[in-house]
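Student: just coords:
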Ligand SMILES: O=C(O)c1ccccc1NCC(=O)[C@H](O)[C@H](O)COP(=O)(O)O
């Protein structure tokens, strides 16, 4: 029996004395709030959560939640059209279904971000500006924005994308230093892949994400080991590689966009359209991954 097995954990309306009771309560019955799940995660390893981007309608949110997805990610691409009633209904539906909503604004203007949060009230705001390093002025602005979001919207959790190269030739130190600066003002980290010199070839200029390519998992694993907040593994995650990613990085959860999107006749991913069969396969692979791994055999 491992050292986690006999922890007594009070989880809102449930008291559990055995590890498996807690895992089942947390993952199947969904009686726990996300906050309680995060508290549990500090006490013991749970199965990784699955986050899927780009979900923009209530119908698609319902469909991916029915596939077993935990975090539903949506994106606002245009600051001038940031009030979208369909997207707001999507976020409401996610809450009603007991899942967690995560929202990316593809802009960093403070007032526009505050207005966005007041309009949508998502569970998580996800910031993913392309940042070059801990000492960069853009990093200071991003930290100031997170501090102000924390102050004004204490109920909204903050996810910070940490840019990692496909093959990190700096040994990961600059990435880890960048993350350490953000950690006091973040509730989650999400690894994401940087392509091109200084991130010049990102699909969305100025932001890290949706490359469909894996990042350097050895750096991602160091980020997990260093961080006191949950880390979600993103960048090129697919049904075919997700178990290897979990085993290598041991993250709190995994995220997928491009490799679970539908494809056109030429095999190119279609933005904002999911392939539900691939989403199902991804969830099944995560649930069957054997994680959390037992240390000393099964719980008695
Ligand atoms: O989803 C988007 O449209 C998006 C646009 C710009 C930056 C980030 C974006 N999504 C954030 C995510 O968490 C993606 O799932 C993540 O970048 C992984 O993408 P992929 O490599 O396509 O799985």
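Tutor: That came through, no problem. Not measured: the values here are computed from a predicted model.

Student: all helices of the stretch 201-300 of the chain, in order?
Tutor: Under the criterion DSSP state H, counting those that start in this stretch, the stretch 201-300 of the chain contains helices at 217-226, 242-249, 276-287.

Student: and the last one, anywhere near the ligand?
Tutor: No: residues of helix 276-287 are not located near the ligand by Cβ under 6 Å from any ligand atom, the shortest gap being 10.4 Å. Placement of C-beta: from N, CA and C, glycine included.

Student: gap between that helix and the chain center?
Tutor: 16 Å (Cα atoms, centre = their mean, to the nearest Å).

Student: then stretch 188-202?
Tutor: 15 Å.

Student: now do the same for that stretch: mean pLDDT, whole number.
Tutor: Stretch 188-202 shows a mean pLDDT of 86.

Student: measure it end to end?
Tutor: Length of stretch 188-202, first residue to last, Cα to Cα, to the nearest Å: 22 Å.

Student: before we move on, the earlier item: kindly reformat the helices of the stretch 201-300 of the chain as CSV containing mean neighbour count and distance to residue 94.
Tutor: Below are those laid out as CSV (neighbours: other Cβ atoms under 10 Å; distance: least, Cβ to Cβ, whole Å):
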stretch, mean neighbour count, distance to residue 94
helix 217-226, 19, 26
helix 242-249, 19, 22
helix 276-287, 19, 15
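
Student: pipe those into JSON lines and attach mean pLDDT per row.
Tutor: Formatted as JSON lines, these follow (pLDDT from 0 to 100):
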{"stretch": "helix 217-226", "mean pLDDT": "96"}
{"stretch": "helix 242-249", "mean pLDDT": "95"}
{"stretch": "helix 276-287", "mean pLDDT": "97"}
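
Student: got the ones you listed as a markdown table, with distance to residue 143 columns?
Tutor: Below are these laid out as a markdown table (distance: least, Cβ to Cβ, whole Å):
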| stretch | distance to residue 143 |
| --- | --- |
| helix 217-226 | 17 |
| helix 242-249 | 25 |
| helix 276-287 | 32 |
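
Student: so what's the residue count around residue 205?
Tutor: Using other Cβ atoms under 10 Å, residue 205 is surrounded by 10 other residues.

Student: and it, what pLDDT?
Tutor: 89.

Student: low-confidence regions, this protein specifically.
Tutor: Under the criterion pLDDT under 70, the flagged ranges of the chain are 1-45, 198-199, 291-300.

Student: so what secondary structure elements neighbour the longest strand anywhere in the chain?
Tutor: In terms of residue count, the longest strand belonging to the chain (DSSP state E) is strand 157-165. Judged by 3 or more Cβ pairs under 8 Å, 6 or more residues apart in numbering; DSSP states H and E, strand 157-165 is in contact with strand 124-127, helix 137-152, helix 173-182, strand 188-194, helix 217-226.
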